[in-house]
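J.: Kindly return the folded structure for what I paste below:
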Amino acid sequence: MWRTSKCYSSSVKYLEELNEAQKRAVLAKDGPISVLAGAGSGKTRVLSTRIYHLVREGVPPEDILAVTFTNKAAREMRSRVHSLLETPGNEFPENLRREQSGPVPFIATFHGLGRELLESYGSVIGIPRFFSVYDRDDSERVVAAALKNLDVGAKELSPRAVVGRISRAKGEGMYAQEFYEKYARGGFSARIVAEAWLRYEKTLKEEKALDFDDLIAVPLRLLEEHASIRERAQDRWHYLHIDEYQDTNELQGRLTNLLAAKRRNLFVVGDIDQTIYTWRGATIDNLLGFDATYPEAVTILLEHNYRSTKNLVDAANAVIEKNKNRKEKYSTTENAVGEPIFIHGARSAEDEARWIATKVWELLRSGSKPEGVAILFRTNFQSRALEEGLLKAGVPYKLLGTRFFSRKEVKDTLAWIRLAMDPSREVDKIRAAASPPRGLGKVTLGKLLEGKRTMLRAGELSKVEQFEGVVEELAQAADVLAPSEFVKLVIEKNGMRRALLEEGSQEDRERFENVEELASVAARHDGRPGKEGIAAFLAEAALAGDQDELDQGEKTGVTLMTVHAAKGLEFDTVFVSGMEEGLFPHQGMDSDKDRDEEEERRLFYVAMTRAKTRLLLSFARVRKIYGSDYFAEPSSFLADLARSLVVYDEYDAEEIIEA
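T.: All right, here's what the predicted structure looks like:
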């Protein structure tokens, strides 16, 4: 029996476009509900429509929480929900329609949820209202300084490795002091990580900052250790929705269950077959064990694929059904049969890249749009040959990986913005003082930061006072300006416009365009003027993921990216390169060999299901890895594809695979 508070006929407009399984998911209201959603099954529509349905039934919008994994996905869901709430003719009760200019459902990423919890309740444990968020680069920079003070060179232990170990420990719920007590007398690496972590935490505290892992671990501790705060958070959101539940880690699962504990109105959507982030700490057990955690849970299967052709759906089913650690689910579609999957065998990685570039060029010449084509690869090193092939063929492309918010000029501007929000931040003060240059050297800044202001010469003091004057002016403006206007003021007052646009080279002018783009990003938060909106903008910048780069619109072209980065996206045509044993499936480092093989199979399933109409797979017989040529065998995944669903091309691909 489906738990619904009302019965709606199929004539209700917003239900008419849903299939029966989707409709059941939308109408199932109270209690724990798990939706197992196959690729292309319309899960975002289901989530958005269900949120609208709850509001339509009379649930106050502010009582609804929805969490997903990327800013891009959160923005899309937010846009769909708002569109449903505001669309005339949706039979929305007039008394509730008038309220839609007020409270709205809270839709964010897990990190955005953590930030909201800390901004709302963090003062109980000393978290300031407007804290900063360290990205990976910030963390590695601080850890590098800590390692230097410990006389540890990068060759002995890299900052990246230390940050990774700290991140894993935080993901397991450990404190720095707890880690130190456990490992301070251990081996060299563990001991140094323990020492560096203590220094890293000290810097975070001084800078009033948290890192990505803190945005989950700290709110969880706050709610677990403070019953009154926990009860307030549980009363704040009565209906919880978690997207991509298969990608949650242990702490995210605990946070979810804790928030839902009082009413148990938890609606999770996921696909075990798309669990591809266990190396980041994601655990498939949260979704696999949902029924054990919530024995009264209802399970709904979304198996209808609206995205891909029948050939692609059948092929993907054949690949993923070989995994054992999954819940039974079989995708179907009413789409056309479509083209067979194309398999190409090349002699070398360079030949493979030339073939892909030629095929892409032919597609574009025949009318395909560049944004409808993606070239996927398993590991980052593969991009070099692919880029060279596209360049030689004159094919426009964009490589997903150089993050907009990681560009130097963008990070310089963000440092100025954070400094205006809190002029005591030493790290941002050092960066801002040098960007653009204003004659404040390290010696001068060192004296200033050490409290030796009286030791400054007259010329130094004058430059310091000018710098401080600009910061003070911006700090006052931050109280009242809309975020986008504030960003424009920052780049005007700090001299960046003059240095890059008016006096700079052509390259500098292009860098200034990136700085200007920050104002466009900040405009998303103009509805919250002053420091509250600016803080929300800074949080978005810090939490931006790889897929957010697709929205920057810097250049049009075919998209190159790893399969991991492609999750959640779709393209008319998808190329998957490097279909070789040891590369895809990748030779894992994990001792749990069976688990690695299943995750690699899930990753291939994700790659296949990104394609709507056309999928082309390629492998090379010889590939240069770390400077040496390796003879490669075709991926064992290729043998899983039925002969009736594929066609082979060149270099005896069929005979090689069957051998």
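J.: ok, for A478, nearest residue in space, not its chain neighbours?
T.: What sits nearest to A478 in space, not counting adjacent residues and going by C-beta to C-beta, 6 or more residues apart in numbering, is A420, at 5.0 Å. C-betas here are computed from N, CA, C, even on glycine.
J.: For V470, see how far away the one you found is.
T.: 9 Å (C-beta to C-beta, to the nearest Å).
J.: more crowded one of those two?
T.: A420 (28 against 19; other C-beta atoms under 10 Å).
J.: Quick check: what element follows whatever helix or strand A315 lives in along the chain?
T.: Under the criterion of DSSP states H and E, A315 resides in helix 310-320. Downstream of helix 310-320, the first helix or strand assigned by DSSP H and E is strand 341-348.
J.: Give me the mean pLDDT for the following helix or strand past that following strand.
T.: Using DSSP H and E, the next helix or strand after strand 341-348 towards the C-terminus is helix 349-365. In this model, helix 349-365 has an average pLDDT of 95.
J.: coming back round to it: which strands and helices lie in contact with the helix holding A315?
T.: Applying 3 or more C-beta pairs under 8 Å, 6 or more residues apart in numbering; DSSP states H and E, we find helix 310-320 packed against strand 341-348, helix 593-608, strand 611-625.
J.: so how far is A433 from the residue in the chain sticking out farthest from the centre?
T.: In the chain, counting by C-alpha atoms, centre = their mean, A458 sits farthest out from the average C-alpha position, at 48.5 Å. The gap separating A458 from A433 is 18 Å, by C-beta to C-beta.
J.: same question, A353
T.: Using C-beta to C-beta, we find A353 at a distance of 45 Å from A433.
J.: And for R264?
T.: In this structure, R264 lies at 53 Å from A433, with C-beta to C-beta as the measure.
J.: swap in R45?
T.: Counting by C-beta to C-beta - R45 and A433 are separated by 50 Å.
J.: Of the two, which one has the most company?
T.: Neighbour tally, R45 and A433, criterion other C-beta under 10 Å: the higher count belongs to A433, 26 against 17.
J.: and the residue nearest to the more buried one when sequence neighbours are not counted, which of the three is it?
T.: The spatially closest residue to A433, leaving aside those adjacent along the chain, is L440, at 4.5 Å (C-beta to C-beta, 6+ apart). Per DSSP: H, G, I helix; E, B strand; the rest coil, the secondary structure class of L440 is coil.
J.: Per-residue confidence, L440, what does it come out as?
T.: L440 is assigned a predicted lDDT (pLDDT) of 78.
J.: go on, G451?
T.: Among the per-residue scores, G451 shows a pLDDT of 72.
J.: so when I look at it, I'm seeing a strand, right?
T.: No: using three-state DSSP, the assignment for G451 is coil, not a strand.
J.: dump the residue contacts of it.
T.: With contact taken as C-beta atoms under 8 Å, 6 or more residues apart in numbering, G451 is in contact with no other residue.
J.: Quick check: buried residues in the helix holding A315?
T.: Residues of helix 310-320 classed as buried by neighbour count (16 or more other C-beta atoms under 10 Å): K310, N311, L312, V313, D314, A315, A316, N317, V319, I320.
J.: could you dump it to CSV, C-alpha only?
T.: Listed in CSV are the C-alpha atoms of helix 310-320, where the atom choice follows Å, rounded to 0.1, in the frame of the first residue of the first chain:
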residue,chain,number,x,y,z
LYS,A,310,17.5,0.4,-27.3
ASN,A,311,20.8,-1.0,-28.4
LEU,A,312,22.6,1.2,-25.8
VAL,A,313,20.2,0.2,-23.0
ASP,A,314,20.5,-3.5,-23.9
ALA,A,315,24.3,-3.3,-24.0
ALA,A,316,24.5,-1.5,-20.7
ASN,A,317,22.2,-4.1,-19.1
ALA,A,318,24.5,-6.9,-20.3
VAL,A,319,27.5,-5.3,-18.8
ILE,A,320,26.2,-4.4,-15.4
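J.: what angle do that helix and helix 593-608 make?
T.: Put simply, helix 310-320 runs at 170 degrees to helix 593-608, going by axes from the mean of the first three to the mean of the last three C-alpha atoms, to 10 degrees.
J.: Can you tell me what sits against helix 310-320?
T.: By C-beta under 8 Å, 6+ apart, the list of residues contacting helix 310-320 from outside reads 39, 273, 305, 308, 326, 330-333, 335-341, 601-602, 604-605, 608-609, 611, 615, 637, 640-642, 645-646.
J.: Pull the distance from that helix to the chain's centre.
T.: Centroid separation between helix 310-320 and its chain, computed with C-alpha atoms, centre = their mean, to the nearest Å, is 27 Å.
J.: Same question for stretch 76-87.
T.: Mean C-alpha position of stretch 76-87 versus that of the full chain (C-alpha atoms, centre = their mean) differs by 21 Å.
J.: Please enumerate the strands of the stretch 451-600 of the chain.
T.: Taking DSSP state E, counting those that start in this stretch to define them, one finds strands in the stretch 451-600 of the chain at 558-562, 571-576.
J.: between those, which one is nearest to A21?
T.: Shortest separation from A21 across the strands of the stretch 451-600 of the chain is recorded for strand 571-576, at 25.6 Å, computed as C-beta to C-beta.
J.: Report the strands that pair with that closest one, each with its relative direction.
T.: Note on strand 571-576: by DSSP bridges, its sheet partners are strand 373-377 (parallel), strand 611-625 (parallel).
J.: so can I have CSV of the ones you listed showing mean neighbour count, mean pLDDT and distance to A539?
T.: What follows is the strands paired with strand 571-576, written out as CSV (neighbours: other C-beta atoms under 10 Å; pLDDT from 0 to 100; distance: least, C-beta to C-beta, whole Å):
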stretch, mean neighbour count, mean pLDDT, distance to A539
strand 373-377, 26, 96, 29
strand 611-625, 23, 91, 34
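J.: Please render these as JSON lines that adds distance to G173 to the earlier fields.
T.: Supplementary listing: those in JSON lines, determined by distance: least, C-beta to C-beta, whole Å:
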{"stretch": "strand 373-377", "distance to G173": "34"}
{"stretch": "strand 611-625", "distance to G173": "37"}
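J.: Nearest to Y294 among these would be which one?
T.: Distances from Y294 to each of the strands paired with strand 571-576 were compared by C-beta to C-beta, and the smallest falls on strand 611-625, at 34.9 Å.
J.: in the stretch 1-150 of the chain, which spans are helices?
T.: Assigned by DSSP state H, counting those that start in this stretch, the stretch 1-150 of the chain shows helices spanning 13-16, 20-27, 43-56, 71-86, 94-97, 110-121, 136-149.
J.: gap between the first one and the chain center?
T.: The offset between the C-alpha centroid of helix 13-16 and the centroid of the whole chain comes to 31 Å, using C-alpha atoms, centre = their mean.
J.: List the contacts of the closest residue to R199 other than its chain neighbours.
T.: Among residues not flanking R199 along the chain, A146 sits closest, at 4.0 Å (C-beta to C-beta, 6+ apart). Applying C-beta under 8 Å, 6+ apart, we find A146 in contact with E195, A196, R199, Y200, T203.
J.: Give me the distance between A146 and G533.
T.: When C-beta to C-beta is the yardstick, A146 and G533 sit 34 Å from each other.
J.: Likewise for E17?
T.: From E17 over to G533 the distance is 35 Å, taken as C-beta to C-beta.
J.: which one of those two has more residues nearby?
T.: Legend: neighbour count by other C-beta under 10 Å for E17 and G533, higher for G533 (22 against 11).
J.: distance of A74 from F110?
T.: Counting by C-beta to C-beta, the gap between A74 and F110 amounts to 10 Å.
J.: Low-confidence regions, the stretch 401-550 of the chain specifically.
T.: Scanning the stretch 401-550 of the chain for pLDDT under 70 picks out 401-404, 503-507, 510, 544-550.
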